[in-house]
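J.: fold the following and give me the result.
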Amino acid sequence: MMKRLDFILVIVTVVILGLLGILSLYGTIYAYFAAMANPDWTQSMAYIAYIDRMNAMALPLTIALIAVMSICLPKRFLSVRMLLLSGLAVLLTAAVLWLVSGIDTAVALLLVITSLAQLVVVVMTLRSSSKLNFLHRAQLARIGSALLHFGVVLFILDIAVLEGGPATMLAYMIDIVFWGMTLFWTSSLLIVGGMALAFYHTELDSLIRRFRGQA
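T.: Residues are numbered from 1 along each chain as shown. The predicted structure follows:
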């Protein structure tokens, strides 16, 4: 059951990221030709309408990605039944916040909860906990996967909530804790380091064994 869930989550994640990539490419091309046609385009109402339109198209994809990450991360240490129940509880809480305080607060809450869940996974992975579920058996690959996921969540948190200035009290508190750009660079280092460990764990493991042998 867990392997099937892993496969479904991978497919859904690839589709969402693909759609975000297509949307980003469309926005870049549209902005280029609009600026070529009108050098003062960024100072016009058409530019504001373009930004609002792009945000409206990106928002459902961002929320979908957050929802997938909310399921993907706790599955490391929760059963499928508890995973679905906890995910439903989080989404219901976010929906209530959406109605009461707006979409910004709801998205920020989802990202904070997801970040904390992945932080737990990172700590448990570093401690070689047997309670975690990973596709890879190699410890370095597991650490890399945990760091990569954590970096992606923090990157989304930075872009979706903090970019352009905090819009909610929760976002303002996050901004104070991470001192602005610190969150961006932290997420970037986690993503790069996680990819290196996940993709080159065999080579790194051989290098570590050789170093220990010489010592």
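
J.: other SSEs contacting the biggest helix by length in the chain?
T.: Counting residues, the longest helix in the chain under DSSP state H turns out to be helix 2-37. For helix 2-37, the elements it packs on are helix 45-72, judged by 3 or more C-beta pairs under 8 Å, 6 or more residues apart in numbering; DSSP states H and E. No exception for glycine: its C-beta is placed from N, CA and C like everyone else's.

J.: could you give the angle of the helix it packs on to helix 2-37?
T.: 170 degrees (axes from the mean of the first three to the mean of the last three C-alpha atoms, to 10 degrees).

J.: packing partners of helix 45-72?
T.: helix 2-37, helix 80-101, helix 103-126, helix 139-157.

J.: show me what counts as buried in it.
T.: 47, 50, 54, 58, 61-72 (16 or more other C-beta atoms under 10 Å).

J.: pLDDT of it, averaged?
T.: Helix 45-72 comes out with an average pLDDT of 80.

J.: now do stretch 27-38
T.: On average, stretch 27-38 scores 90.

J.: ok, residues contacting that stretch?
T.: W41, T42, S44, A46, Y47, Y50, M54 (C-beta atoms under 8 Å, 6 or more residues apart in numbering).

J.: apart from its chain neighbours, what residue comes closest to the fourth one?
T.: This means A46. Using C-beta to C-beta, 6 or more residues apart in numbering and skipping residues adjacent in sequence, the residue nearest A46 is A34, 7.3 Å away.
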